[in-house]
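*Asks:* Below are the sequence and a predicted model for it; my questions follow.
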Amino acid sequence: MKILTVDNISKRFGSHLAVDNVSFEINQGEIVGFLGKNGAGKTTLMRMITSFLAPTTGKILVDGDDISKHSLAIRQKIGYLPESPPLYAEMSVYQYLKFAAEIKEVPAKKLTVQIAKVIDECNLQEVAKKTISTLSKGYKQRVGIAQAIIHDPKLLILDEPTSGLDPIQIQQVLSLIKNQREQRTVLLSTHTLSEIEQIAERILMIKTGKLVIDEPLETLLQNYKGGSIGALGDNPLNKVATLEQIFIDFHGVSAKSAIADNKTQ
Amino acid sequence: MNKIYALTKKELRSYFSSPIAYIILIACLSLFNILFFMIIDQNKEVSLRDVFQVMEFMFIFIIPMLTMKSFAEEKANGTMEFLLTAPLTPSMIVLGKYCSVLLFYSLLIGLTGSYYFIVEYFGEPDSSSMLSGYLGIWLEGALFIAIGLLTSSWTRNQIIAAMLSYIILFMLYFSVTFSKYFTGAAENFVIQLSTRTHLENFAIGMISIGDLVYYLAGIVLCLTLTRVSINHRSWS
């Protein structure tokens, strides 16, 4: 069953075409990795799916409903974590989740149980009463995910959920996302490709606003090895089947300069 | 309705979680109290008319301080995206924020209610003109808040939001002063545009439909423009 249909979506900001005629579908229960360089159009596309931005052309259906006609009902079905977690620093974790639950229509009778469930799921018991401004970045990210799942959405959209975290925090967040697999569909973007390899079943890659790859992860890596994906066939790197190399090839960056970039970072 | 209530609660919590709310309350009340006693002592009359006029002028400075963060802070912190992607309509967001500042302002006005009893203790004031004066100053604050929310929705910088509010409020307050440079319909328009013209009527106990329409239409217009301003890029 299709949970998300993106049909010929484009978004133009003045003369800049940020998203160019993108189409794809996501089935219920999939974990989909969304890749692309900074400025490729990932965040813009995610913002259109979450109703934050209206597309210039095209149609988005969530669970069969057209977002242009049923925006409010669709927002109820989506959990969204923007690139920087949208937190109110002066609130405690519990107060913030209660506020998120109230505006996301969690029934009053279920409120306490639902907050407790999410706190448990995101491992926030220790910090539930603490003020958000005092939390570490890892905890803040988990609070961000907690608000995104507080209303039990069908589709979870995470924009770079592991950005700026240390390796232990990354593993904690990844494990939390993995645990969502049975309950909901997940679309997540990240720059750390090894992370996507750990959890995603399917890869969408966007380059200068255009969708250039839409493949199951396994198929993508196998095809790349065999050099059967057209654009990659002649590349000298095609013996190394990692998502990182595919990403570098598709974005026209030489491996040498990419490695140098990584070292300087 | 529950969502608007949740937003209002959240906003009020945000005010009272920092010392700013308490500082504004204490500073305003102290200032109003001093001015109240000075005016009563000087005028030797049991009327709050001049007190309301002083309060009106003070609120031009105070209210932008209350409203400047409403949307500007949400934009700067990235939480506007959280609100606009939650199942909330832009109207709910605007009303939730408006109600919270209005409640805070009502508390401030409510705390000056003692002036009524003090004046009544010392003489026989015209109760109806005092009550209509309170209604007038409350409506005026409600209009100033709507203007403050509008300017806050235009920018992510709180200082710029406050400055824009000051410009608009000063224009509304002082427009009557410039009426002498106009004639006919233009002169009348400039006079009617001024908040001073309308509060003056309330302060002398005269509640007219025209004055009520001025405040209510101004509030509705500003809140509608705020709604448009926060929602111009997304689906409604």
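*Replies:* Looks like it arrived, so ask away.
*Asks:* contacts, neighbours, all on C-alpha from now
*Replies:* Will do.
*Asks:* if I pick the residue most central in space within chain B, what's in contact with it?
*Replies:* What sits nearest the mean C-alpha location of chain B, by CA atoms, centre = their mean, is B:Gly141, with 2.2 Å. Residues near B:Gly141 by CA atoms under 8 Å, 6 or more residues apart in numbering or on different chains: B:Phe59, B:Ile63, B:Leu102, B:Tyr105.
*Asks:* Tell me which two of these sit farthest apart.
*Replies:* Spatially, the most separated pair among the contacts of B:Gly141 is B:Phe59 and B:Leu102, at 12.8 Å (CA to CA).
*Asks:* which element follows the helix or strand of chain B with the lowest mean pLDDT toward the C-terminus?
*Replies:* Ranked by mean pLDDT, DSSP states H and E, the weakest helix or strand in chain B is helix B:114-122, scoring a mean of 84. Later in the chain than helix B:114-122, the nearest helix or strand by DSSP states H and E is helix B:127-152.
*Asks:* Just name the closest of the contacts of B:Gly141 to chain A, please.
*Replies:* Ranked by distance to chain A (CA to the nearest CA), the contacts of B:Gly141 are led by B:Leu102 at 20.3 Å.
*Asks:* Where does the residue in the stretch 151-265 of chain A positioned nearest to chain B sit: helix, strand or coil?
*Replies:* Residue nearest to chain B within the stretch 151-265 of chain A (CA to the nearest CA): A:His151, separated by 10.3 Å. With DSSP: H, G, I helix; E, B strand; the rest coil as the basis, A:His151 sits in coil.
*Asks:* what residues are up against it?
*Replies:* Applying CA under 8 Å, 6+ apart to A:His151 gives the contacts A:Gln76, A:Gly79, A:Ala101, A:Lys104, A:Glu105, A:Val106, A:Gln114.
*Asks:* what's the lowest-pLDDT member of these?
*Replies:* Here the lowest pLDDT out of the contacts of A:His151 sits on A:Glu105, with 90.
*Asks:* backbone phi and psi for that residue, please?
*Replies:* When quoted as degrees, to the nearest 10, the phi and psi of A:Glu105 stand at phi 60, psi 30.
*Asks:* got it, and the one 5 residues further on?
*Replies:* Torsion angles at A:Lys110 (phi, psi; degrees, to the nearest 10) stand at phi -90, psi -10.
*Asks:* mind checking how far it is from chain B?
*Replies:* Distance of A:Lys110 to chain B, given as CA to the nearest CA, to the nearest Å: 15 Å.
*Asks:* For B:Gly210, grab the count of nearby residues.
*Replies:* 11 (other CA atoms under 10 Å in any protein chain shown).
*Asks:* which stretch of helix or strand covers it?
*Replies:* Using DSSP H and E, B:Gly210 falls within helix B:209-231.
*Asks:* Likewise for B:Val101?
*Replies:* Assessed by DSSP H and E, B:Val101 sits inside helix B:90-110.
*Asks:* Residue of the stretch 101-250 of chain A closest to chain B, please.
*Replies:* A:Ile103 (5.0 Å).
*Asks:* out of everything not next to it in sequence, what's closest to that residue?
*Replies:* B:Lys3 (5.0 Å; CA to CA, 6 or more residues apart in numbering or on different chains).
*Asks:* Name all residues that make contact with the one you found.
*Replies:* Taking CA under 8 Å, 6+ apart as the test, what B:Lys3 contacts is A:Glu102, A:Ile103, A:Glu105, B:Leu88, B:Met92, B:Gly96.
*Asks:* residues touching the residue most central in space within chain A, list them.
*Replies:* The geometric centre of chain A, computed from its C-alpha atoms, lies nearest to A:Leu188 (CA atoms, centre = their mean), at 1.9 Å. Going by CA under 8 Å, 6+ apart, A:Leu188 touches A:Ile31, A:Val32, A:Gly33, A:Phe34, A:Ile157, A:Leu158, A:Asp159, A:Glu160, A:Pro161.
*Asks:* same thing with A:Glu25?
*Replies:* A:Lys2, A:Ile3, A:Leu4, A:Thr5, A:Val6.
*Asks:* number of nearby residues for the residue lying closest to the third one once chain neighbours are set aside?
*Replies:* In other words, A:Leu4. Leaving out its chain neighbours, the residue that sits closest to A:Leu4 by CA to CA, 6+ apart is A:Val62, at 4.7 Å. Neighbour count of A:Val62, defined by other CA under 10 Å: 25.
*Asks:* repeat for B:Tyr15
*Replies:* So B:Tyr15, with other CA under 10 Å, has 18 neighbours.
*Asks:* So among the contacts of A:Glu25, which ones count as buried?
*Replies:* A:Ile3, A:Leu4, A:Thr5, A:Val6 (16 or more other CA atoms under 10 Å in any protein chain shown).
*Asks:* tell me the two of the contacts of B:Lys3 that are most distant?
*Replies:* Spanning the widest gap among these are A:Glu105 and B:Gly96, at 15.5 Å by CA to CA.
*Asks:* Those two: which has the busier surroundings?
*Replies:* Comparing A:Glu105 with B:Gly96 by other CA under 10 Å, the one with more neighbours is B:Gly96, at 23 against 17.
*Asks:* which SS class is B:Ile62?
*Replies:* Per three-state DSSP, B:Ile62 ends up helix.
*Asks:* wouldn't the residue of the stretch 101-250 of chain A closest to chain B be in contact with B:Ala86 here?
*Replies:* Yes - using CA atoms under 8 Å, A:Ile103 is in contact with B:Ala86, at 7.0 Å.
*Asks:* Next up, the contacts around residue 193.
*Replies:* Looking at chain A here, since you left the chain open. A:Leu243, A:Glu244.
*Asks:* looking at chain B here, not the other one
*Replies:* Contact analysis of B:Leu193 by CA under 8 Å, 6+ apart lists B:Leu172, B:Ser175, B:Val176.
*Asks:* The residues you listed also near chain A: which ones?
*Replies:* Contacts with chain A are made by none of these, judged by CA under 8 Å from any CA of the partner chain.
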